[in-house]
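> coordinates only, sequence not included:
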């Protein structure tokens, strides 16, 4: 009798294990949502939609991009942080994962506690830009002009953005006095620069590439380790003697507690997407560099960026009015 009971228990255990294995193998068995913290049409949204389109056939399910803008990405981030940790609600995280915790005293989420990294997707370097009509052509020109005018104005897409913090670090490293003029997005900042309302700007390439191609804006330098092959004549700031590298970046995050095997599956497939020739070409044409890597590497990147920008914010005295 006991032998029969033991046999039944063993069979039940095997059945449960098989059922659990089938449940894991079945992921995903419904559409996956990728939440974007900005409105449709911007760089983050564009990258997310390309990744979603290529990821869907690998997962065998639709990947639906949903836009939840507002609160300097806080609305979307808090939404995903509170979602079920089942792999069906993901976040297209941005560099705000690092900067918000530095700039805001209170947030409706804790990145380390409430979210888990899946994969670092793109790196988007910051450029120093001048209007095409500007008489200044070099870093020395900017230094002379700043000395004569007691400083220069520079535009960015907003206070606390990576381009803003890069501008603060640039000012500190070069001794060029700069006054920050924040705008409501890159489009407004670029329009102000072209129109001569400000003298220079720091921004990522994707939102201003059309203005660069049209000859209305002139990139003077890129804050990266290497030149952009599509703009080979634009030197790095390091080549000009300024040891500054600064990038906006995007990557996929999931709610904390999402099963490790689900994270591993998503990481594997998104890395395959980022290695796709069409994706790499598309991103390069927009000034984005595909990255990829392990969840752990992305987690380290977020931690490193948080520490790096905390020091810049403290040194520059950057304040966010909440």
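Looks like it came in fine. Since this is a predicted model, take the numbers as computed values, not measurements.

> show me the helices in this protein, by range?
Ranges of helices within the chain are 2-25, 43-59, 74-81, 96-103, 111-114, 139-149, 162-174, 186-194, 209-213, 260-275, 277-285, 295-316, based on DSSP state H.

> closest to residue 248 out of the ones you listed?
helix 162-174 (4.6 Å; C-beta to C-beta). Every residue, glycine included, has its C-beta placed from N, CA and C.

> avg pLDDT for that closest one?
Averaging pLDDT along helix 162-174 yields 95.

> try stretch 179-196
Stretch 179-196 comes out at a mean pLDDT of 91.

> which of the residues in it are classified as buried?
For stretch 179-196, the neighbour count (16 or more other C-beta atoms under 10 Å) marks 180-183, 185-187, 189-190, 192-194 as buried.

> can I get those residues in CSV including distance to residue 201?
Converted to CSV, these look like this (distance: C-beta to C-beta, whole Å):
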residue, distance to residue 201
180, 10
181, 9
182, 11
183, 9
185, 12
186, 9
187, 12
189, 6
190, 7
192, 8
193, 5
194, 10
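
> so which of those is the closest to residue 269?
Nearest member of the buried residues of stretch 179-196 to residue 269, counting by C-beta to C-beta, is residue 186, at 30.4 Å.

> please name the nearest non-neighbouring residue to residue 257.
Among residues not flanking residue 257 along the chain, residue 85 sits closest, at 3.6 Å (C-beta to C-beta, 6 or more residues apart in numbering).

> same deal with residue 243?
Closest to residue 243 by C-beta to C-beta, 6+ apart is residue 173, at 6.9 Å.

> among the buried residues of stretch 179-196, which one sits closest to residue 316?
residue 180 (9.2 Å).

> who's the closest one bridged to?
As for beta bridges, residue 180 partners with residue 154 under DSSP bridges.

> surely it meets residue 170?
No: at 11.1 Å, residue 180 and residue 170 do not qualify as touching, with contact defined as C-beta atoms under 8 Å.

> okay, now the unreliable bits of this protein?
The chain contains residues with pLDDT under 70 at 1-25, 321-322.

> so if we follow the domain assignment, how does it break up?
Following the TED database, the chain resolves into domains at 32-123+248-316, 125-240.

> now these as TSV including distance to residue 26?
Below are the domains of the chain laid out as TSV (distance: least, C-beta to C-beta, whole Å):
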stretch	distance to residue 26
domain 32-123+248-316	10
domain 125-240	37
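
> I'd say residue 288 and residue 44 touch.
No: the pair residue 288 / residue 44 is not scored as a contact, 10.2 Å apart, by C-beta under 8 Å.
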